[in-house]
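**Q** quick one, fold the following:
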Amino acid sequence: MSLRHTRIDTALGTLTLAADRESLTGVYFPHHWHPPAAGALGRRIDARADPVLATAAIELDEYLSGRRTAFDVATATSGDPFQEAVWEMLREIPYGTTTTYGALAERLGEPTLARRVGQAVGRNRLSIVIACHRVVGKDGRLTGYAGGVDVKRRLLDLEQPRPAEHGRLF
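**A** Numbering: from 1, shown residues only. Now for the predicted structure:
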């Protein structure tokens, strides 16, 4: 089975998951900024009938319910060398932390590339799984997100440690 997709209901609303061969290739919000071209997702199937899509659906549910901090589902990206470099850095941002577009540009060796980094982040097809929501503006301000800034805030809030109940650790 090659190109295929499914739709799943989540705490964030309906998401479209796309896969090709043995890898997840897309996680799309209903009004995604850069949706795939018509027909680029292949046929629609039931997520439970496909190992890749079923794994992705389970892991997304676990993540959104606070029971998972990293994804194990196999993923595949297809960008130009600059995008791939940015997406690799996104994979390295630890759960519960943020970085800035400028910091990513500096890691690439050119601080003036922050805008281009932002464009690559915005083209990430694997929202949530490759955590582009962890990238914020230089002053910590939330900037655009394919699922909307409100969704970005919800994802960042989800990743914050919960205070100990009544100040107790146990």
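
**Q** how about the strands of the chain, start to end?
**A** Under the criterion DSSP state E, the chain contains strands at 4-10, 13-20, 23-28, 43-44, 99-100, 135-136.

**Q** could you chop this protein up by domain?
**A** Domain assignment for the chain by automatic domain parsing gives 4-64, 81-158.

**Q** go through this protein and flag its longest helix.
**A** helix 51-64 (DSSP state H).

**Q** next, the contact list for Val129, please.
**A** Going by C-beta atoms under 8 Å, 6 or more residues apart in numbering, Val129 touches 24, 27, 56, 59-60, 71, 73, 75. To be clear about C-beta, it is placed using only N, CA and C from the backbone, and glycine gets the same treatment.

**Q** let's see that with 7 Å instead.
**A** Contacts for Val129 (C-beta atoms under 7 Å, 6 or more residues apart in numbering) come out as 24, 27, 71, 73, 75.

**Q** and which of those residues is nearest to Val86?
**A** Nearest to Val86, judged by C-beta to C-beta, of the contacts of Val129 is Thr75 at 14.8 Å.

**Q** pull out the buried positions in stretch 38-57.
**A** By neighbour count on 16 or more other C-beta atoms under 10 Å, the buried set for stretch 38-57 is 41-42, 47, 50, 52-57.

**Q** in stretch 59-72, what's buried?
**A** Buried residues in stretch 59-72, counting neighbours by 16+ other C-beta under 10 Å, are found at 59-60, 63-64, 71.

**Q** start and end of it, how far apart?
**A** Using C-alpha to C-alpha, to the nearest Å, the end-to-end distance of stretch 59-72 comes to 8 Å.

**Q** contacts for it next, please.
**A** Contact with stretch 59-72 is made by 10-12, 73, 95, 128-129, 158, as judged by C-beta under 7 Å, 6+ apart.

**Q** I'd like the average pLDDT over that stretch.
**A** For stretch 59-72, mean pLDDT is 97.

**Q** same check on stretch 77-86?
**A** 96.

**Q** give the buried residues for it.
**A** So, applying 16+ other C-beta under 10 Å, buried residues of stretch 77-86: 77, 83, 86.

**Q** count of neighbours near Gly118?
**A** By other C-beta atoms under 10 Å, the residues close to Gly118 number 21.
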